[in-house]
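Trainee: What shape does this take:
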Amino acid sequence: MFLMLILWLAAQQPPQDIFAVQIDLQGLYDEISQTMLQNMNETDIDQMHDVLFTADWVFVDASGHQHPWSEMRARELQALKAPRVDWIAQPIQKVTTNGPGSASAIVNFTTLRAFADDEGKYGRKGASHTVTEITVYRDTWVKMGDEWRLKSREQVGQPKTFIDKSPYS
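Mentor: Below you'll find the model as predicted:
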């Protein structure tokens, strides 16, 4: 009888509203993208991680290798020395809920960067070009209290690169 009561109570939990979850997560992706564009130093990177990611966050690359935050943090610090990205967007393609307080999202991580073609690889030497890169990720989110936190990011396939072209044409 006690077991049946527990099962009945568990069944009474309201299902997550998938639309509300998607709205919440898209807002967080927008915040992460904007923060990435503004990161200027080590403290900025650490604060973003502390606020938006779980302490045990992990990145899984396209070949299936896992990389902990300590390793990815070092990569983020190196990226501060690279030419800046001009624009970042992470539109959600699909969201699924994995039970109360857990969700997965497929996102297209899109960056745009202008560059001068000093070698003439894409036409006249010194000409300006844009490169758009799209990488698909499968992210896992968990709810901690009232806040969503990114638990893991898994790269799905290799990035697609477009020089002076829109990926949507």
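Trainee: Show the contacting residues for the closest residue to residue 61 other than its chain neighbours.
Mentor: Leaving out its chain neighbours, the residue that sits closest to residue 61 by C-beta to C-beta, 6 or more residues apart in numbering is residue 155, at 5.3 Å. (C-beta placed from N, C-alpha, C; glycine too.) By C-beta atoms under 8 Å, 6 or more residues apart in numbering, residue 155 lies in contact with 59-62, 135-137.
Trainee: Quick check on those: which are buried?
Mentor: Using 16 or more other C-beta atoms under 10 Å as the burial test, those include 59-60, 135-137 as buried.
Trainee: Compile those into TSV and extend it with columns for pLDDT, secondary structure and distance to residue 102.
Mentor: Putting the buried ones among the contacts of residue 155 into TSV (pLDDT from 0 to 100; DSSP: H, G, I helix; E, B strand; the rest coil; distance: C-beta to C-beta, whole Å) gives the following:
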residue	pLDDT	secondary structure	distance to residue 102
59	98	strand	18
60	98	strand	17
135	98	strand	23
136	98	strand	20
137	98	strand	17
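Trainee: Which single one of these is nearest to residue 113?
Mentor: Nearest to residue 113, judged by C-beta to C-beta, of the buried ones among the contacts of residue 155 is residue 135 at 13.7 Å.
Trainee: I'd guessed that closest one sits against residue 159; true?
Mentor: Yes: with contact defined as C-beta atoms under 8 Å, residue 135 counts as touching residue 159 (4.2 Å).
Trainee: partners of the residue nearest to residue 61 in the sheet?
Mentor: Listed by DSSP bridges, the beta-bridge partners for residue 155 are residue 137.
Trainee: Name whatever forms a beta bridge with the nearest residue to residue 72 once chain neighbours are set aside.
Mentor: Nearest residue to residue 72 in three dimensions, chain neighbours excluded: residue 59, at 5.2 Å (C-beta to C-beta, 6+ apart). Bridge pairing for residue 59 (DSSP bridges) gives the partners residue 67, residue 153.
Trainee: what comes up buried for stretch 26-41?
Mentor: With burial defined by 16+ other C-beta under 10 Å, the residues of stretch 26-41 counted as buried are 26, 28-29, 32-33, 35-36, 39.
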